[in-house]
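Q: Pasted the sequence and its predicted model underneath.
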Amino acid sequence: MKFSKNVILVDVSFLDETVSDIKSFLGERLGRTLPDVDLPAWLSYLALDAGLREGDNEIQVLLVHGGEVSALPHCRPADLKELDGVACRTPLGEFAFSRVSSAGMAASSDLFIDLMHLALDSAEVECLALVPFHRLYAGKVEEELRKCLGKQEKQKEAGRVVYFMMAAPQVPIPCVTDSVLYSLSHVLGIKPEELE
């Protein structure tokens, strides 16, 4: 598999469940209907959180999903088939979308971890942003990151990996960690003071 310099690996089920929960819970709390997520805008905020800056960046977005998932109902665009092979340009650069299905192969968690390993082993990848399905398999991702990046010779590579999660990890991970909630809240129009 050929990778770009910048790769964002996203579990589609996680994104769908998280956006649905945020829209339901915070929409009720704030007393307003929250919009669907503008996918390119969210990915731009996520990429900024990962350290990218405006320019001519090539950003490969791998959307990992199970065979039963065909859409992101709370995002725009929503149809995974229509997104596959499509690119869009923002001030950060070009986002190129690919959907990767685990249908008939392994579990989504195994596919996510396999893709993560391939990207970590690729000399082309300079920035790898990971957005796994925390509730179901984040422990596996964290364990693999500790195995891969905890080795002495891999220490300098840890800075190129940004692991986005819901809550701080219980055990340290040898890479940059950040909350996925900041970028999602921003794209949903939720101000920081509204979360206090």
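A: That came through, no problem.

Q: And for residue 29, the neighbour number?
A: 11 (other C-beta atoms under 10 Å). To be clear about C-beta, it is placed using only N, CA and C from the backbone, and glycine gets the same treatment.

Q: Same check on residue 161?
A: Using other C-beta under 10 Å: residue 161 sits among 23 other residues.

Q: Bridged to it, which residues?
A: Here residue 161 shows beta-bridge partners residue 128, assigned using DSSP bridges.

Q: pretty sure residue 71 contacts residue 82?
A: No. With contact taken as C-beta atoms under 8 Å, residue 71 and residue 82 are classed as non-touching, separated by 9.2 Å.

Q: Compare the two (neighbour count), which wins?
A: Legend: neighbour count by other C-beta under 10 Å for residue 71 and residue 82, higher for residue 71 (16 against 12).

Q: measure that one to residue 115 for me?
A: 21 Å (C-beta to C-beta, to the nearest Å).

Q: Which positions within stretch 96-113 qualify as buried?
A: Judged by neighbour count using 16 or more other C-beta atoms under 10 Å, the buried positions of stretch 96-113 are 97, 99-102, 108-109, 111-113.

Q: can I get those in CSV with secondary structure, distance to residue 182 and pLDDT?
A: As requested, the buried residues of stretch 96-113 are arranged in CSV below (DSSP: H, G, I helix; E, B strand; the rest coil; distance: C-beta to C-beta, whole Å; pLDDT from 0 to 100):
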residue, secondary structure, distance to residue 182, pLDDT
97, strand, 22, 98
99, strand, 25, 95
100, strand, 26, 94
101, strand, 29, 91
102, coil, 28, 85
108, helix, 24, 86
109, helix, 24, 89
111, helix, 27, 93
112, helix, 22, 95
113, helix, 25, 94
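
Q: Just the closest of those residues to residue 20, please.
A: When those are ranked by distance to residue 20 (C-beta to C-beta), residue 108 comes first, at 17.4 Å.

Q: Please report how far that closest one lies from residue 193.
A: 36 Å.

Q: This protein: strands as residue ranges?
A: Counting by DSSP state E, residue ranges of the strands within the chain are 6-11, 37-38, 57-65, 75-76, 87-90, 93-101, 127-131, 161-165, 176-179.

Q: can you redo the ones you listed as a markdown table with distance to residue 45?
A: A markdown table is the format used below for the strands of the chain (distance: least, C-beta to C-beta, whole Å):
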| stretch | distance to residue 45 |
| --- | --- |
| strand 6-11 | 11 |
| strand 37-38 | 10 |
| strand 57-65 | 12 |
| strand 75-76 | 14 |
| strand 87-90 | 10 |
| strand 93-101 | 12 |
| strand 127-131 | 11 |
| strand 161-165 | 11 |
| strand 176-179 | 11 |
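
Q: All good on my end, thank you.
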